[in-house]
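[1] Give me a model of this one.
(2 chains)
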Amino acid sequence: MNEKRRRFEALAMPHLDAATNLARWLTRGGAEADDIVQDAMLRAFRSFEGFRGEAVRPWLLAIVRNCHRSALEQKKRHAAAPLDGDDGTEIAADDPTPEASAMERGAATRLDKAIAALPEEFREVVILRELEEMSYRDIAATTGAPIGTVMSRLARGRALLKAELTGGSHGV
Amino acid sequence: MACEESLRTQAYLDGELDAAQSLAIEAHLEQCEDCQALAMEHADLKAAMADATYHRAPPALRMKISDALDAETKMVPFKPARRSGFWLGAGSGAGGMAIAAAIAFLLLMPANTMVADLGEAHVRSLMGDHLIDVASSDHHTVKPWFAGHTDVSPPAEDFKADGFTMVGGRADYVHGARAAVVVYRHGAHVINLFAWADRGARLPATGSREGYRMIFWEDKDLDFAAVSDVDPAELEKFVALVKKSQARE
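    Just a heads-up that it's a prediction; the model follows:
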C-alpha cells in the first residue's frame, strides 16, 4: 500500500460511516446513496494530495454533498419529472418523488419519516448537528453556507421537525 | 418564538457560546419565556433524535470502495525488484523477473497479507451471521469452547464495566492458521480480538484496511490482533485492558 493510500485509510476512511449517513439522508434512503458515497470517496482520494491539515470530516462531507448535487442535476437533465427543489419553502413530503417514497414505503419510523420530510437545506443541517454532532463551523464548512445561515436553518429545521412530530397526521 | 435572542439561545444550547456569552444567555433565560420554551423543545428533540436511524456503511460498500481505491492506485501488490540487470544476467529475462518477483513476494508478505487477511476476516464476520459461534459473556463458557474448536485457547474476559461487552467466540482462519476470536461490542461497534499460535511471523504494530483499524501484539506464544471501526483511542483502551488481563493470567 503506498503512502497516499495509507494516509487516506488512516484519515479519511474512518469517516465513511458519516459519509454514508449523510448520503442516505440526502437521498432519503434512495438506492443511489451508495453510488454517491463511492463516487465521493474516489474523488476525495484523487484530491487527497492537495489536502493539508484542515478537518477531514467536513471536507469529506462537502464532497459527498457535491456528489449528491451533481447526481441530482444529472437526473434532472435526463428525466422530465421535477425533483425536490432547493427553495425549501414547503414540506417536501407533498411532492411524491421516487426518492421521498423510498423512505416512506419502507419500515421507517415516524421520526425517520419526519426527518425525511424536511426540505433538504434544513434536513442536512439537522443531520450534521444532531446525528454527527458537528460544530456550527464544521457544518458551515460542509454546506458552504455562512455560520449565521447555518444557525437560522438549524432553528427552522428544528421547528419544522417539531411541528411534524407533534402536529402529527402528515400523510399517514 | 419572536425573541430576538432565540438564535443565541440555540447556540448556547448547542454548546457553541464562550463563557461570557453563556452567562449573558443564562441571565436572559431566567426571564424570557420564549427562550425557556425553546430550551425545552431543544432537549426534547435531542432526546428524540437518539432514535433516528444512523446509516452506517455496510461491509459490502466498504469492500467496493476499497477495490475502487486499489484500481485507482493500480496497486500491483508484489512489484519485482528493480535489479533487473543482475537478474537478466543470472537467467533468461522472464525467468529472472519471476525469481525477483518471488523474492519480493516473500519479503513483502508478512505485514501486507497479515493486514489484508485480518481485514477480510473482520468484514466476513460482519456479513451474514458468522460473527459468533458460541454466544456467551461468560469466560467459563468461551475459553473451554476454544479449547475444543481451535488450536489456541486465549483468555476471554468480559470488560463490560469499561464499556466493552464480550458477546461470544468464533473459530476463524488468519494467515493460514486456525485462530480463536473473542467478539466484543462497544456501543454499535464490533471488536474482533484474534489470537493464533505465533509462528515467528513479524507483526506490524498497527494496520488499517477499509476503514477498520488493527492493533497487533504478541503475548507468550500467541499473536494477537484487535480489529474494529471504533475510535482509535477506544481501540487502544480496549487493547490495554486485554493486555492487563493477560498479565494477570
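
[2] hey, let's count contacts and neighbours off CA atoms from now on
    Fine.

[3] so what pLDDT did the most far-flung residue of chain B relative to its centre get?
    Largest separation from the mean C-alpha position in chain B: B:Gln31, at 48.6 Å (CA atoms, centre = their mean). On pLDDT, B:Gln31 comes in at 94.

[4] B:Phe194: which element?
    In this assignment (DSSP states H and E), B:Phe194 forms part of strand B:189-197.

[5] Kindly calculate the angle that the helix or strand hosting B:Glu234 makes with strand B:189-197.
    Assigned by DSSP H and E, B:Glu234 belongs to helix B:232-248. Computed with axes from the mean of the first three to the mean of the last three CA atoms, to 10 degrees, the direction of helix B:232-248 lies at 40 degrees from that of strand B:189-197.

[6] Name the residues that touch the strand or helix carrying B:Cys35?
    In this assignment (DSSP H and E), B:Cys35 forms part of helix B:33-49. Helix B:33-49 is contacted from outside by A:111, A:130-131, A:158, A:162, B:1-3, B:5-6, B:9-10, B:13, B:29-30, using CA atoms under 8 Å, 6 or more residues apart in numbering or on different chains.

[7] what do you get for stretch B:144-154?
    Contacts of stretch B:144-154 (CA under 8 Å, 6+ apart): B:134, B:143, B:169-171, B:178-180, B:195-197.

[8] And it, end to end?
    10 Å (CA to CA, to the nearest Å).

[9] List the buried residues of it.
    Buried residues in stretch B:144-154, counting neighbours by 16 or more other CA atoms under 10 Å in any protein chain shown, are found at B:145-146, B:149-154.

[10] Distance from that stretch to the middle of the chain?
    23 Å (CA atoms, centre = their mean, to the nearest Å).

[11] just stretch B:116-124 next, same as before
    11 Å.

[12] per-residue confidence averaged over it?
    Across stretch B:116-124, the average pLDDT comes to 83.

[13] Can you list phi and psi of A:Gly30 for me?
    A:Gly30 adopts backbone torsions of phi -70, psi 150, taken as degrees, to the nearest 10.

[14] Which positions in chain A make contact with chain B?
    With CA under 8 Å from any CA of the partner chain as the criterion, chain A meets chain B at residues A:1, A:5-6, A:9-10, A:13-14, A:16-18, A:20-21, A:24, A:34, A:38, A:41-42, A:45, A:111-112, A:130-131, A:135-136, A:151-152, A:155, A:158, A:162.

[15] Can you turn the buried part of those residues into a ChimeraX selection?
    Written as a ChimeraX command, the selection of buried residues from the residues of chain A next to chain B, which uses 16+ other CA under 10 Å, is:
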select /A:5,9,10,13,14,16,17,18,20,21,24,34,38,41,42,45,111,112,130,131,135,136,151,152,155,158,162
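
[16] Apart from its neighbours in sequence, what residue is nearest A:Arg6?
    Excluding the flanking residues, the one nearest A:Arg6 by CA to CA, 6 or more residues apart in numbering or on different chains is B:Ser208, at 7.8 Å.

[17] cool, A:Leu165 as well?
    Once flanking residues are discounted, A:Leu165 sits nearest to A:Ala114: 6.6 Å by CA to CA, 6+ apart.

[18] Which helix or strand contains that neighbour?
    Element membership for A:Ala114 (DSSP H and E) is helix A:110-116.

[19] Which neighbouring elements make contact with whichever helix or strand comes after that helix?
    Following helix A:110-116 in sequence order, the next helix or strand is helix A:120-126 (DSSP H and E). Here helix A:120-126 touches helix A:16-26, helix A:147-167, going by 3 or more CA pairs under 8 Å, 6 or more residues apart in numbering or on different chains; DSSP states H and E.

[20] In terms of helices and strands, where is the nearest residue to B:Pro59 once chain neighbours are set aside?
    Computed as CA to CA, 6+ apart, the closest residue to B:Pro59 that is not its neighbour in sequence is B:Val123, at 6.0 Å. B:Val123 is part of helix B:93-126, with elements assigned from DSSP H and E.

[21] now the helix or strand following that helix: how far from the chain's centre is it?
    For helix B:93-126, the succeeding helix or strand toward the C-terminus, using DSSP H and E, is strand B:134-135. Centroid separation for strand B:134-135 versus its chain: 21 Å, with CA atoms, centre = their mean.

[22] Determine the set of other helices and strands touching strand B:134-135.
    strand B:165-174.

[23] I'd like the buried residues of stretch B:144-154 laid out as CSV, including secondary structure and pLDDT.
    Listed next are the buried residues of stretch B:144-154 as CSV, based on DSSP: H, G, I helix; E, B strand; the rest coil; pLDDT from 0 to 100:
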residue, secondary structure, pLDDT
B:Trp145, helix, 81
B:Phe146, helix, 83
B:His149, helix, 77
B:Thr150, coil, 78
B:Asp151, coil, 77
B:Val152, coil, 83
B:Ser153, coil, 81
B:Pro154, coil, 84
